[in-house]
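Engineer: Here's my sequence, what's the structure:
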Amino acid sequence: MNSVRKHGTATAKWLVLFLVLLFVPGIVSAQKNKSSAPAPKAAPAQHAAPAQHAAPAQHAGGASTASHGATTASHGATTTSHTGATTTSHAGGATTTSHTGATTTSRAGTSTTAGKAGASTTAGKAGASTTAGKAGASTTAGKAGASTTAGKAGASTTAGKAGASTTAGKAGASTTAGKAGASTTAGKAGASTTAGKAGASTTGKAGANSAASGKGATGGRTVKTANGNTKSFNKSGKATSVTTKSGTTAKFNSRGGVSSIHAHGMNINHSARGGRVVESRRADGSRLVSTGRGRGYSERSFNRGGRAYVSRTYVYGGRSYARVYGSYYYGGYAYYGYQPGFYYGAGFYGWAYNPWAAPVAWGWGWGAAPWYGFNAYYFNPYPVYPSAAFWLTDYLVAENLRLAYEAQAEAQANAAAAANVPGYTGGDADADAGSGGGGGAAASNNVVLTPEIKQAIADEVKAQLEAEKTAATASSNSSAPAAAANAEQVPAALDPNTRTFIVATALSEPTDDGTECSLSPGTILTRIDDTPDADQNVKVLVSASQKGDCHSGSQVAVAVQDLQEMHNDFHQKIDDGLGKLADNQGKNGMPKGPSAQRRAVPEGTAEPDLTASADLAKQQQDADAAEKEVSTAAADKEQGDD
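Structural biologist: As a prediction, this is how the structure comes out:
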C-alpha cells in the first residue's frame, strides 16, 4: 500500500512539473505580447502620469509606444501619439506621429506625419511620405516614392504615381499631381492646379479655383442661379466671380465691382474707376488692344533682316501711327523691346541727362484740365526742374494720368448707359469714396507720389537716356557689329538695374480673399523679385497706388510680359518727351541746348495697319455685349430665391 502511495505521489509531482513547464512560457509570452491587444482608453487623469508612458521592456520586437489616452495597435512599428490621437500601422518599419485628434494610417515602409487637430493623412505603398499641416488638412500619397505636403487649414493634395510631388499652399488650395515626376504648386487661397504626365509643372495664383458647385474660393461657396449662371462667394459671403451659362467669366474686386472679364478669347480689365482695356486676337492671330472708343492698337509680326519684329498701329484722336518692337529671347521666352523710330545727337542726350546751368520753372498749363484736378491727391509737378530728366519724369507721369482719365470718363458714361442693371458696376463706382489707394506713407506730404518715389522714376529716366545714347552712337557707327538676330538678352522687366515701373494700361491682379484688385495707369510699382515663378510672374511692391487700386505697400504678382509692356511704354513716352524738349529749346524759359540732330532709324519704322481703327471699333462692340451679359448674370438670383 505504501509503495502504491509513493508511486502515486511521484507521478503527481511529475505531472505538476510537466504542467508548470507547459504553461509558464505561455504566460511569459502573453505578458510580452500584451501590447498587441487593443488597450482600453485611459481616463483623462492618466494623461499627466509620465511614469506610465515608458515601459519598453513590456513590448515585443523592440517596438516603443508612448500614449496619452490613445488607442494604438502596432506590429513591430514605432508610433507616438498625443491627446486622443488614433494611429494604426502594419508590417514592421512604419513610423507615424500625430497630435491632438489627428488620424494616420500607414503600411509597410511608409512614413506619415499629421500635424495639429483634425489633420488626416493616408500613405499608400512602400516609401510613400506625406505631411499634413494644420487643422483640416488632408493628404493622400499614392505609390512608392510619392511625396505630398499640405499647408494650412483646408488644403488638400493628392500625389499620383512614383516620384510625384505636390505642395498645397494656404487655405482651400487644392492640387493633383499625375504620373511620375509631375510637380504642382498651388498658390494662395482657393488656387486649384492639376499637373499631367511626367515633368509637368503648374503654379496657381490666388482665387484660381474653378469649381462649378459646392465650396468656393477660400472656404466660400459656389451656387447656380435661377437662369443657369454660376456665382462664387468667399467665406465672408462676398461675391468673387460669376460665370454665365455661355461660359463668360467675370471676377469682382473687394467692393463688388467687375475687375476682369474673360469671354470666348477676349479679355477685359477694368481700372478701379471704370476705364477698361480689351484684348483679343483676329482670325489671322494678330492682336487687338483697345483702351477706349477710338483708341488702342493693332499688333502684327513681321521679319526684317532675319530678325522678328512686331509692328503696332496706334489709333488715337482720329489718327494712326506705327511703332516697332524688336524680338529677343531670355530663359526660353520671347520678349519684345521698343525700337525707337528716331535717334538724337550725342550732345542733345547729354543736355537732357546732365544738370542745367540753373533750375527752370516751367508752366505746363494744366491748371484748368479736369484730369489734373481729379488727380491732385496723387500727383504734383516739380516747382522747378534742375535737369531735363526731372521734366521728363513729370511729363510721362502726367501723360499716363491724362490718358487714363479720358478713357475712364468715357467708359463710365458708356457703362451707365449700356449696363443699366441694379447691382452691377464695371470697375468700381465707389472707388473714389473708399480708402482704396494712395496709401498712408504719402499722407504727410498730402500727395501720393512722394519726392522719394519721383526720384526713383527720375533715376530710371536717366538710365534710359544713357542707354538710348549708347544705342544711337552704335547705330551711327557703321563699323560696329550688328546685333545678333533674336539674340538672348535679359529683358528690362527682369534687369536687376531696372526696378521702378509705371503702369500704362489697367491690370487686374488676384488677392488672398478670392477677389481681384486693379492697377490703374500711373500707379508706381517696384519689382522685388528677379526670378519669375512657373507662371512667369514676379512679385512687385505697389509703391504708389490710386484710389480703389491695390493698396500702397501691398505686394502682388505681375506677369513679366506686363512689366515689359510698362517699360516699353516708359521708353516710348521718354522719346515723345524728347521730341517736345527739342521743339521747346530756348522757349518759355527752357534753356537752349545743342542741336537735336534728329534722324530716322529704319529698324524702328513700319507702315500703319489700315484696318486698325475699324477692327478696334468692332472689338468695342463685342466687349459691350460681354459686359451686358455679365451684368445680367450678376443680377440673377440664386435658385430658390423669390
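
Engineer: drop to CA atoms for contacts and neighbour counts, all remaining ones
Structural biologist: Noted.

Engineer: what bits of the stretch 301-450 of the chain have low per-residue confidence?
Structural biologist: 414-445 (pLDDT under 70).

Engineer: Which parts of it are strands?
Structural biologist: 307-316, 319-330, 333-339, 342-343, 355-360, 385-387 (DSSP state E, counting those that start in this stretch).

Engineer: Nearest to D512, out of the ones you listed?
Structural biologist: strand 333-339 (28.2 Å; Cα to Cα).

Engineer: Who are the packing partners of the closest one?
Structural biologist: If contacts are counted by 3 or more Cα pairs under 8 Å, 6 or more residues apart in numbering; DSSP states H and E, strand 333-339 sits against strand 319-330, helix 560-584.

Engineer: can you list the residues that contact it?
Structural biologist: 309-310, 323-329, 491, 561, 564, 568, 571-572, 603-604 (Cα atoms under 8 Å, 6 or more residues apart in numbering).

Engineer: filter these to the buried ones?
Structural biologist: 309-310, 323-328, 491, 561, 564, 568, 571-572, 603-604 (16 or more other Cα atoms under 10 Å).

Engineer: so which of those residues comes closest to G220?
Structural biologist: Using Cα to Cα, the buried ones among the contacts of strand 333-339 come closest to G220 at Q561, 31.8 Å.

Engineer: and that closest one, what pLDDT?
Structural biologist: With respect to pLDDT, Q561 scores 96.

Engineer: So that it lines up with my notes, have the first residue be 31 from now on.
Structural biologist: Renumbered: residue one is now 31, and that last one reads Q591.

Engineer: Give me the secondary structure label for N618.
Structural biologist: What DSSP: H, G, I helix; E, B strand; the rest coil gives for N618 is coil.

Engineer: can you count the residues close to the nearest residue to A406 once chain neighbours are set aside?
Structural biologist: Leaving aside its chain neighbours, A406 sits nearest to V477 (7.5 Å; criterion: Cα to Cα, 6 or more residues apart in numbering). V477 has 20 neighbours, counted by other Cα atoms under 10 Å.

Engineer: what about V477, distance to Y366?
Structural biologist: Distance check for V477 against Y366: by Cα to Cα, to the nearest Å, it reads 34 Å.

Engineer: ditto for Q669
Structural biologist: 48 Å.

Engineer: Give me the more crowded residue out of these two.
Structural biologist: Y366 (21 against 13).

Engineer: Identify the bridge partners of the more buried one.
Structural biologist: S357 (DSSP bridges).

Engineer: how close does the closest residue to Y355 other than its chain neighbours sit to S328?
Structural biologist: Using Cα to Cα, 6+ apart and skipping the chain neighbours, the partner closest in space to Y355 is Y368 (4.4 Å). Counting by Cα to Cα, the separation of Y368 from S328 is 15 Å.

Engineer: Looking at the two, which one has more neighbours?
Structural biologist: Between Y368 and S328, counted using other Cα under 10 Å, the more crowded position is S328 (27 against 21).

Engineer: secondary structure element for that one?
Structural biologist: In this assignment (DSSP states H and E), S328 forms part of strand 325-334.

Engineer: what angle separates that strand from strand 337-346?
Structural biologist: Following axes from the mean of the first three to the mean of the last three Cα atoms, to 10 degrees, one obtains 160 degrees for the angle between strand 325-334 and strand 337-346.

Engineer: Okay, angle between strand 325-334 and strand 349-360 too, please.
Structural biologist: Using the same axes, to 10 degrees: strand 325-334 against strand 349-360 is 50 degrees.

Engineer: ok, and what's touching stretch 304-320?
Structural biologist: Counting by Cα under 8 Å, 6+ apart, residues outside stretch 304-320 touching it are 295-300, 321-322, 326-331, 434-435, 437-442, 456-459, 535-536, 645-646, 649-650, 653.

Engineer: of all the buried ones among the contacts of strand 363-369, which comes closest to T260?
Structural biologist: Out of the buried ones among the contacts of strand 363-369, the member with the shortest distance to T260 (by Cα to Cα) is Q591, at 31.1 Å.

Engineer: Enumerate every residue touching that closest one.
Structural biologist: With Cα under 8 Å, 6+ apart, Q591 has these contacts: 365, 523.

Engineer: Against A364, how distant is it?
Structural biologist: For Q591, the distance to A364 - Cα to Cα - is 9 Å.

Engineer: before we move on, what about G258?
Structural biologist: 41 Å.

Engineer: likewise T528?
Structural biologist: In terms of Cα to Cα, T528 sits 19 Å off from A364.

Engineer: cool, R629 as well?
Structural biologist: Counting by Cα to Cα, the gap from R629 to A364 is 29 Å.

Engineer: Helices - which of the contacts of stretch 304-320 land there?
Structural biologist: Per DSSP state H, helices hold the following members of these: 434-435, 437-442, 645-646, 649-650, 653.

Engineer: just these now: which is nearest D613?
Structural biologist: A434 (25.4 Å).

Engineer: What is the burial count for the closest one?
Structural biologist: Quick note: A434 (other Cα under 10 Å) scores 26 neighbours.

Engineer: try R334
Structural biologist: Using other Cα under 10 Å: R334 sits among 10 other residues.

Engineer: List the beta-bridge partners for it.
Structural biologist: R337.

Engineer: For it, give its distance to Y327.
Structural biologist: R334 is 21 Å from Y327, by Cα to Cα.

Engineer: A418 now?
Structural biologist: With Cα to Cα as the criterion, A418 and Y327 are 29 Å apart.

Engineer: Report pLDDT for S128.
Structural biologist: 39.

Engineer: for K254, that is, sorry about that
Structural biologist: 91.

Engineer: For it, I want the exact helix or strand it lies within.
Structural biologist: K254 belongs to strand 251-254, assigned by DSSP H and E.

Engineer: next one: A626
Structural biologist: With DSSP H and E as criterion, A626 is part of no helix or strand.

Engineer: How much space separates it from Y379?
Structural biologist: Taken as Cα to Cα, the span from A626 to Y379 is 8 Å.

Engineer: next one: P551
Structural biologist: 27 Å.

Engineer: Mind checking what secondary structure G552 has?
Structural biologist: Relying on three-state DSSP, one would call G552 coil.

Engineer: Look up phi and psi at it.
Structural biologist: phi 100, psi -10 (degrees, to the nearest 10).

Engineer: wait, it sits on L431?
Structural biologist: Yes. Assessed by Cα atoms under 8 Å, G552 is found in contact with L431 at 5.6 Å.

Engineer: So these two - more neighbours on which side?
Structural biologist: Neighbours were counted for G552 and for L431 using other Cα under 10 Å; G552 has more, 27 against 22.

Engineer: quick one: contacts for that one?
Structural biologist: 427-428, 430-431, 532-534.

Engineer: need the residues you listed in a markdown table with distance to I487, can you?
Structural biologist: Below are the contacts of G552 laid out as a markdown table (distance: Cα to Cα, whole Å):
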| residue | distance to I487 |
| --- | --- |
| V427 | 9 |
| A428 | 13 |
| N430 | 14 |
| L431 | 15 |
| I532 | 8 |
| V533 | 12 |
| A534 | 14 |
